[in-house]
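Colleague: Provided below for reference: sequence and predicted model.
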Amino acid sequence: MLRALWSRWEAYKYRFVPWIAFNLRHKRRTLRFVPEESKDKIVSDEDVLKTLLKTFRALFINDLGRQMFLLNFLPEVKSKYPELQTVRSMISRAKDDNLQSQIFFNPEEILFNTLGFSITRSRSSLISAGTGVFVTKGFIPKGTVVSMYPGTVYEKYEPIFFQSIGNSFIFRCIDGVLIDGNDKGISKAIYRSCSKRDQLGPLKMSDAFWLTNSVQNPLAVGQYVNNCSTDKSANVCYQEFDVPECFPVEFRQYLPNIKYSHEVQRIVIMKEKCG
């Protein structure tokens, strides 16, 4: 009996660790959250879903070389995309004509061709402004989804004490759910571990490229969206979105979030407040 109790304690002990270091000072610069005035969504979930599906479809179609194993594994997925045959023919001709570089586009270019703008994460030219997200091409209308907040999603009762120490990328949702958007240290290791846990053969259930310098989903830069000016109001705002169960399995590889435990997947998107 003692052995059973010890085993149960080993599994749950971190849930009883006090959150003193994390909750001692709730400053906006160290804990991001959805403010009271933003609880009413200005973009419907249907529009958010439509944008994500449109973007992910374009990324999927233009990444045929890396998707072939998945398509061969799931022929029913291949039948959903009749344009794949056209893309395959273009790739074949490009190889024959040594013009392959004209066929493949980088994710930022695909985003521009799909939504009319492209963004990138880079260092700000302002002194002490740090890293931010910048529009590199195009125009973003008001109400447009501009980025996604990546990271591991934690319920209120799940252990996040050690991950939260010195971590300025913790995002608190309206219902208290937390998203750890840190791409370094223990946060990075936990995300990778959970991502591999949920992978089903060749089917990846989340995007882990945001942890690296490579890009698969160009929208997965939301943790670096910030407003360093105290004189001007932010031009983007947060909005939460729960991924529906019917979300296409082939597009889940572009979702930059993973649940610490197996439950409904939550993502946070940023949308333009002013055109």
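Modeller: All right, it came through fine. Quick caveat: nothing in here was measured; it's all calculated off a predicted structure. Numbering: from 1, shown residues only.
Colleague: which non-adjacent residue is nearest Ile186?
Modeller: Gln163 (5.5 Å; Cβ to Cβ, 6 or more residues apart in numbering). For the C-beta atoms, the positions are set from N, CA and C on the backbone; glycine is no exception.
Colleague: which helix or strand contains the one you found?
Modeller: Assigned by DSSP states H and E, Gln163 belongs to helix 161-164.
Colleague: tell me how many other residues crowd Gly138.
Modeller: 13 (other Cβ atoms under 10 Å).
Colleague: tell me where the model's unsure across the stretch 101-250 of the chain.
Modeller: 101-105, 128, 227-230 (pLDDT under 70).
Colleague: mind listing the strands for the stretch 1-150 of the chain?
Modeller: Secondary structure of the stretch 1-150 of the chain by DSSP state E, counting those that start in this stretch: the strands cover 31-33, 117-123, 131-138, 145-149.
Colleague: out of these, deepest packed?
Modeller: strand 145-149 (a mean of 24; mean count of other Cβ atoms under 10 Å).
Colleague: for the spatially closest residue to Asn72 that is not a sequence neighbour, give me its contacts.
Modeller: Once flanking residues are discounted, Asn72 sits nearest to Lys78: 7.8 Å by Cβ to Cβ, 6+ apart. Residues near Lys78 by Cβ atoms under 8 Å, 6 or more residues apart in numbering: Leu71, Asn72, Leu84.
Colleague: flag every buried residue along stretch 153-169.
Modeller: Val153, Tyr154, Pro159, Ile160, Phe161, Gln163, Ser164, Asn167, Phe169 (16 or more other Cβ atoms under 10 Å).
Colleague: likewise stretch 210-228?
Modeller: 210-211, 215-226.
Colleague: stretch 184-203 too?
Modeller: So, applying 16+ other Cβ under 10 Å, buried residues of stretch 184-203: Ser187, Lys188, Ile190, Tyr191, Cys194, Ser195.
Colleague: just curious, which of those is nearest to Asp231?
Modeller: Ser187 (32.1 Å; Cβ to Cβ).
Colleague: isn't Phe56 right up against Phe251?
Modeller: Yes: Phe56 is within contact range of Phe251, at 4.1 Å (criterion: Cβ atoms under 8 Å).
Colleague: these two: which is more packed in?
Modeller: Taking other Cβ under 10 Å, Phe56 and Phe251 do not tie; Phe56 has more neighbours (22 against 17).
Colleague: ok now do that one, which residues does it touch?
Modeller: Asn217, Pro248, Phe251, Tyr254.
Colleague: let's see that with 10 Å instead.
Modeller: Contacts for Phe56 were tallied using Cβ atoms under 10 Å, 6 or more residues apart in numbering; they are Thr114, Asp207, Asn217, Leu219, Phe247, Pro248, Glu250, Phe251, Arg252, Gln253, Tyr254, Leu255.
Colleague: and for Phe247?
Modeller: Applying Cβ under 10 Å, 6+ apart, the residues near Phe247 are Leu49, Leu52, Leu53, Phe56, Leu255, Gln265.
Colleague: which one of those is nearest to Met1?
Modeller: Gln265 (37.9 Å).
Colleague: just the pLDDT at that closest one, thanks.
Modeller: As predicted, Gln265 sits at a pLDDT of 65.
Colleague: re the thing from before, okay, the buried residues of stretch 153-169 in TSV with distance to Ala129 next?
Modeller: TSV is the format used below for those (distance: Cβ to Cβ, whole Å):
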residue	distance to Ala129
Val153	28
Tyr154	29
Pro159	33
Ile160	28
Phe161	30
Gln163	26
Ser164	24
Asn167	20
Phe169	17
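Colleague: just these now: which is nearest Val243?
Modeller: Using Cβ to Cβ, the buried residues of stretch 153-169 come closest to Val243 at Val153, 10.4 Å.
Colleague: quick check: bridge partners of that closest one?
Modeller: As for beta bridges, Val153 partners with Ile179, Lys259 under DSSP bridges.
Colleague: make a markdown table out of the buried residues of stretch 184-203 and add secondary structure and distance to Asn106.
Modeller: Putting the buried residues of stretch 184-203 into a markdown table (DSSP: H, G, I helix; E, B strand; the rest coil; distance: Cβ to Cβ, whole Å) gives the following:
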| residue | secondary structure | distance to Asn106 |
| --- | --- | --- |
| Ser187 | helix | 27 |
| Lys188 | helix | 24 |
| Ile190 | helix | 29 |
| Tyr191 | helix | 24 |
| Cys194 | helix | 28 |
| Ser195 | helix | 23 |
